[in-house]
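Asks: Quick one, fold the following:
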Amino acid sequence: MRVTVTVDEQGRLILPPEVAQQLQVWQHLVIDLLLEGGPFTRFVGTLPPLEEDSATYYRRERGHKE
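Replies: Predicted coordinates for the structure are as follows:
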């Protein structure tokens, strides 16, 4: 099923009423988003992968010794 939702000013998703009526209270939904095309995702996509885990990388960048 494909559903079009709206995002309100507070970042909440608003489902069409006919879809919302079919859901149970606290039912979880999985929503796949394609955020391609935004400036941030285009920038991140051009970065090379880190050669180490991110925590180690940022500790080293801040001058902490291992």
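Asks: got any ranges where this protein has weak pLDDT?
Replies: Where the chain drops to pLDDT under 70, the residues are 34-38, 40-45, 65-66.
Asks: what's the distance between the residue most central in space within it and R59?
Replies: For the chain, the residue whose C-alpha lies nearest the mean C-alpha position (Cα atoms, centre = their mean) is L33; its distance is 7.4 Å. Distance of L33 to R59, given as Cβ to Cβ, to the nearest Å: 31 Å. For every residue, glycine as well, the C-beta is placed using N, CA and C.
Asks: mind checking how far stretch 46-60 is from the chain centre?
Replies: Offset of stretch 46-60 from its chain centre (Cα atoms, centre = their mean, to the nearest Å): 20 Å.
Asks: Tabulate the CA atom coordinates of it in PDB.
Replies: Extracted in PDB, the C-alpha atoms of stretch 46-60 (Å, rounded to 0.1, in the frame of the first residue of the first chain):
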ATOM      1  CA  THR A  46      30.600  13.000  -1.700                       C
ATOM      2  CA  LEU A  47      32.500  12.400   1.500                       C
ATOM      3  CA  PRO A  48      35.000   9.500   1.600                       C
ATOM      4  CA  PRO A  49      34.400   6.800   4.200                       C
ATOM      5  CA  LEU A  50      36.300   7.000   7.500                       C
ATOM      6  CA  GLU A  51      39.200   4.500   7.900                       C
ATOM      7  CA  GLU A  52      38.200   4.100  11.600                       C
ATOM      8  CA  ASP A  53      35.100   4.200  13.700                       C
ATOM      9  CA  SER A  54      33.600   7.700  14.100                       C
ATOM     10  CA  ALA A  55      34.200   7.900  17.900                       C
ATOM     11  CA  THR A  56      37.900   7.200  17.500                       C
ATOM     12  CA  TYR A  57      38.100   9.700  14.600                       C
ATOM     13  CA  TYR A  58      36.500  12.500  16.500                       C
ATOM     14  CA  ARG A  59      38.500  11.800  19.700                       C
ATOM     15  CA  ARG A  60      41.700  12.100  17.600                       C
END
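Asks: Report the buried residues of it.
Replies: Buried positions in stretch 46-60, judged by neighbour count with 16 or more other Cβ atoms under 10 Å: none.
Asks: Over to stretch 13-22?
Replies: Under the neighbour-count criterion of 16+ other Cβ under 10 Å, stretch 13-22 has nothing buried.
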